[in-house]
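> when you get a sec, could you give me coordinates for this:
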Amino acid sequence: MYFTELSVLDGITSTTSELNILDGVTHSAELKYLTITATLS
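Below is the predicted model of the structure:
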């Protein structure tokens, strides 16, 4: 039981980390796009 709970928590934690990384990548891509757009206009 205890180990199962740990595994679930571990799964949630790693999923959250991956989501945060993806979110960071998306955010920096948006910033680059905005910067390029602002520079060109």
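> measure how buried Asn20 is and give me the count.
Neighbours of Asn20 under the rule other C-beta atoms under 10 Å: 10. C-beta coordinates here come from the backbone N, C-alpha and C atoms, glycine included.
> what residue ranges in this protein are flagged as low confidence?
Low-confidence segments of the chain (pLDDT under 70): 1-3.
> how close does the residue nearest the centre of it get to Lys32?
Centroid check for the chain by C-alpha atoms, centre = their mean gives Asn20 as the closest residue, at 2.4 Å. Per C-beta to C-beta, to the nearest Å, Asn20 is found 19 Å from Lys32.
> try Ser7
38 Å.
> also Thr39?
Distance from Thr39 to Lys32, by C-beta to C-beta: 11 Å.
> same question for Val8.
In terms of C-beta to C-beta, Val8 sits 37 Å off from Lys32.
> now Thr13
With distances taken as C-beta to C-beta, Thr13 is found 29 Å from Lys32.
> now Asp10
33 Å.
> next: Gly11.
32 Å.
> next: Ser17.
For Ser17 relative to Lys32 (C-beta to C-beta), the value is 23 Å.
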